[in-house]
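S.K.: Dropping a prediction and its sequence here:
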Protein chains: 2
Amino acid sequence: MGYCFGVDIGGTTVKLGLFDTQGELLEKWEIPTRTENNGEAIIPDIAETIKAKISEKSIDIKDVTGVGMGAPGPINKDGVVHRAANLGWGIINIAKQLSDLLNVPVEAGNDANVAALGEMWKGGGKGYKDMVLITLGTGVGGGIITDGKILTGSMGAGGEIGHIHVEDDEDDTCGCGNKGCLEQYASATGIVRLAKRKLASTGEDSMLRNGEVSAKSIFDAVKAGDRLADEIAEEFGVYLGKGLAAIACVTNPEIFVIGGGVSKAGEILFKYIEEPYKKYVFHSNRDVKFALATLGNDAGIYGAVKLVIR
Amino acid sequence: MGYCFGVDIGGTTVKLGLFDTQGELLEKWEIPTRTENNGEAIIPDIAETIKAKISEKSIDIKDVTGVGMGAPGPINKDGVVHRAANLGWGIINIAKQLSDLLNVPVEAGNDANVAALGEMWKGGGKGYKDMVLITLGTGVGGGIITDGKILTGSMGAGGEIGHIHVEDDEDDTCGCGNKGCLEQYASATGIVRLAKRKLASTGEDSMLRNGEVSAKSIFDAVKAGDRLADEIAEEFGVYLGKGLAAIACVTNPEIFVIGGGVSKAGEILFKYIEEPYKKYVFHSNRDVKFALATLGNDAGIYGAVKLVIR
């Protein structure tokens, strides 16, 4: 019996999974991400914890067929990271580094892209080969799967869909320095921004005037029939629909899978996204499906291990 | 010595090329496209003309390693066309049909995508593996090459970039039924529309007021220092730059190659496209290259034959 490992490197923790070569998750655990000294300990720490697991489980190293890794930042097909700001990394080949330490084949990819592969394989996009994962969290991330494979792009920056320009008339600046990026409207922070603008623009009563405004409180208010919250969700949907329509013109996917914190609102999201999407998209792409991500925080380790399971 | 054929099916003529297996074009010719009776004669006509060429050149059919074809409309990976309106086709597998008639392997793809492959292989995108071809003709077409291969998409509608939404404030309707598509501003007809609007909005003198307004006359006027023409080219560039920025966020290309009739204006186009592109794009994609397509009408046969040359 063969084994492989999936590794999802985040800014505070590294998630790891031990899988069999059929892709069954046998065990998962976490270690802290030590970002000090330009993150020099991160890959050696991963090697150590994998060695410890191999020893604990009395696995023969010869039975380990590979390790897949996802990490934030652009990572090209050879496993070379081009600056991962929140890990401290400059330009390093993390796949080679880990492979040298473990003596097993290692593949690496961008975390959002790898999560998309995971959702295609075992999650909301199961059964599809042309899929887009949109992660609506603090920012808007994405991963494009085309013909069953990650669209990596020349530098590993494929699927950076949060920075598609969707609004000409915007005064606030996005974290990236531009104005009018999808992320400014469709992320958890973006929708809160839309809500605050809306609340300031009118004296109309709303549940959102009591307590903290968050993506959760906005969609809770939507579900409770709050009219202002409904209008905020409509604005959010127009921007997201417009962004997804642009992506569809480029990649012609079968399905969009929505993940990240905002997706916890559930299928009610689709009501707000689908109509503007259909308005803006080219007719060939009108019948695309929408689904919710299902793997949550495990998407990364599933997608990572899929990099080494054919 | 082996041979292969590249076939580019257009609405009025079918272009064909005889190549050796190194990709050297040995001879090219054309036949008319007979679109009557739902285009039922098109593929048999292609089989006949290829057989005639084989006979004329005394080529042994065993030395023909394959035929590649490009045709308008969405064509999936198996060679199945999903309605090609201007050829009369419904849903047919053109690759299988031609392969059955010739007894050689046949591959097929969408004409714009195939042209992109040709430009990557032998044209303006030579030396690159992550490339986008933008064809500025009557419409705006596109082909996405990622890691050296065509991005086909689920239905073969990948790269339909002419219908990316780039303007919220538009009254005219695009051929596709939407409003604000890139094609409405950046095609040959689109830039003429921008010019007519501009000329009607002001009494200012311009060379464009004498004679017919066309993409060519607009860029000729630009080169002659005409101020209104310069403003029209700026508008065109903003829309195109915005569209290309959206594509870059999705696919992270190394290079954009611009073809089609409008590209005859030459490198002066880049002056108008690059600045808005850099304004709208995510920083990872700022250093992308721009080039002109170089194969002209031969891009289709080169790309088609590349489908069967590995």
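M.R.: Done, it's in.
S.K.: can you pull the contacts of A:C249?
M.R.: A:V281, A:F282, A:N285, B:E160, B:I161, B:H163, B:I164 (Cβ atoms under 8 Å, 6 or more residues apart in numbering or on different chains). (Each C-beta comes from the backbone N, C-alpha and C, glycine too.)
S.K.: can we see that at 6 Å?
M.R.: A:F282, B:E160, B:I161, B:H163, B:I164 (Cβ atoms under 6 Å, 6 or more residues apart in numbering or on different chains).
S.K.: Near chain B, which residues of the stretch 201-310 of chain A are found?
M.R.: Listed as neighbours of chain B in the stretch 201-310 of chain A under the rule Cβ under 6 Å from any Cβ of the partner chain: A:K242, A:A246, A:I247, A:C249, A:V250, A:T251, A:N252, A:E254, A:Y280, A:F282, A:S284.
S.K.: quick one: which of these sit in helices?
M.R.: Members of those lying in helices (criterion: DSSP state H): A:K242, A:A246, A:I247, A:C249, A:V250, A:T251, A:Y280.
S.K.: hang on, the last one packs against A:A245?
M.R.: Yes - in this structure A:Y280 lies within contact range of A:A245 using Cβ atoms under 6 Å: 3.7 Å.
S.K.: can you count the residues close to A:A112?
M.R.: When neighbours are defined as other Cβ atoms under 10 Å in any protein chain shown, A:A112 has 30 of them.
S.K.: And A:N103, by the same measure?
M.R.: A:N103 has 11 neighbouring residues, counting by other Cβ under 10 Å.
S.K.: Now do it against chain B, distance only.
M.R.: Going from A:N103 to chain B by Cβ to the nearest Cβ, to the nearest Å gives 28 Å.
S.K.: For that residue, which non-adjacent residue is spatially closest?
M.R.: Nearest residue to A:N103, sequence neighbours excluded (Cβ to Cβ, 6 or more residues apart in numbering or on different chains): A:I61, at 7.1 Å.
S.K.: OK, contacts around whichever residue of the stretch 201-310 of chain A sits closest to chain B?
M.R.: Residue of the stretch 201-310 of chain A nearest chain B, by Cβ to the nearest Cβ: A:N252 (2.5 Å). Counting by Cβ under 6 Å, 6+ apart, A:N252 touches B:G153, B:S154, B:M155, B:A157, B:G158.
S.K.: near chain B, which residues of the stretch 51-200 of chain A show up?
M.R.: Residues of the stretch 51-200 of chain A lying near chain B (Cβ under 6 Å from any Cβ): A:130, A:146, A:151, A:153-155, A:157-158, A:160-161, A:163-165, A:176.
S.K.: Can you report how many residues neighbour the residue of the stretch 51-200 of chain A found nearest chain B?
M.R.: Per Cβ to the nearest Cβ, A:G153 is where the stretch 51-200 of chain A lies closest to chain B, at 2.5 Å. A:G153: 28 surrounding residues under other Cβ under 10 Å.
S.K.: any idea where the strands of chain A begin and end?
M.R.: A:3-9, A:13-20, A:25-32, A:64-71, A:80-84, A:89-93, A:106-110, A:131-136, A:140-146, A:149-150, A:255-259, A:289-292 (DSSP state E).
S.K.: Could you save those strands as CSV and add columns showing mean neighbour count, distance to A:S187 and mean pLDDT?
M.R.: Formatted as CSV, those follow (neighbours: other Cβ atoms under 10 Å in any protein chain shown; distance: least, Cβ to Cβ, whole Å; pLDDT from 0 to 100):
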stretch, mean neighbour count, distance to A:S187, mean pLDDT
strand A:3-9, 27, 20, 97
strand A:13-20, 21, 22, 97
strand A:25-32, 13, 25, 97
strand A:64-71, 26, 20, 97
strand A:80-84, 19, 20, 87
strand A:89-93, 16, 24, 93
strand A:106-110, 27, 18, 96
strand A:131-136, 30, 6, 97
strand A:140-146, 28, 5, 96
strand A:149-150, 20, 22, 96
strand A:255-259, 26, 12, 98
strand A:289-292, 17, 17, 98
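S.K.: what about the closest residue in space to A:G17 that isn't next to it in sequence, how many neighbours?
M.R.: Nearest residue to A:G17, sequence neighbours excluded (Cβ to Cβ, 6+ apart): A:I301, at 3.8 Å. For A:I301, the count of nearby residues is 28 (other Cβ under 10 Å).
S.K.: what does the model give the most far-flung residue of chain A relative to its centre for pLDDT?
M.R.: Using Cα atoms, centre = their mean, the residue of chain A lying farthest from its centre is A:G203. It sits 36.8 Å away. A:G203 is assigned 94 on the pLDDT scale.
S.K.: Ramachandran angles for it?
M.R.: The phi/psi pair for A:G203 (degrees, to the nearest 10) reads phi -100, psi 0.
S.K.: The least confident helix or strand in chain A by mean pLDDT packs against which elements?
M.R.: One helix or strand of chain A scores below all others by mean pLDDT, DSSP states H and E: strand A:80-84, with a mean of 87. Counting contacts by 3 or more Cβ pairs under 6 Å, 6 or more residues apart in numbering or on different chains; DSSP states H and E, strand A:80-84 packs against strand A:89-93.
S.K.: now for the strand it packs on, which elements pack on it?
M.R.: Counting contacts by 3+ Cβ pairs under 6 Å, 6+ apart, strand A:89-93 packs against strand A:80-84.
S.K.: if you set the cut-off to 7 Å instead, what comes out?
M.R.: Here strand A:89-93 touches helix A:36-39, strand A:80-84, going by 3 or more Cβ pairs under 7 Å, 6 or more residues apart in numbering or on different chains; DSSP states H and E.
S.K.: Render the CA-only coordinates of that strand in CSV, please.
M.R.: C-alpha atoms of strand A:89-93 as CSV (Å, rounded to 0.1, in the frame of the first residue of the first chain):
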residue,chain,number,x,y,z
TRP,A,89,9.9,34.0,1.2
GLY,A,90,11.8,35.6,-1.7
ILE,A,91,12.5,33.5,-4.7
ILE,A,92,13.0,29.9,-3.7
ASN,A,93,12.1,26.5,-5.2
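S.K.: Break chain A down into its domains, please.
M.R.: Using automatic domain parsing, the domain ranges for chain A come out as A:3-118+A:298-306, A:127-294.
S.K.: which stretch among those domains comes nearest B:G124?
M.R.: domain A:127-294 (16.1 Å; Cβ to Cβ).
S.K.: these two touch, right, A:K53 and A:L18?
M.R.: Yes - between A:K53 and A:L18 a contact is recorded at 6.0 Å, counting by Cβ atoms under 7 Å.
S.K.: How far does stretch A:296-310 stretch from one end to the other?
M.R.: 23 Å (Cα to Cα, to the nearest Å).
S.K.: what is the mean pLDDT for it?
M.R.: Averaging pLDDT along stretch A:296-310 gives 96.
S.K.: list the buried ones in that stretch?
M.R.: A:D298, A:A299, A:G300, A:I301, A:Y302, A:G303, A:A304, A:V305, A:K306, A:L307, A:V308, A:I309 (16 or more other Cβ atoms under 10 Å in any protein chain shown).
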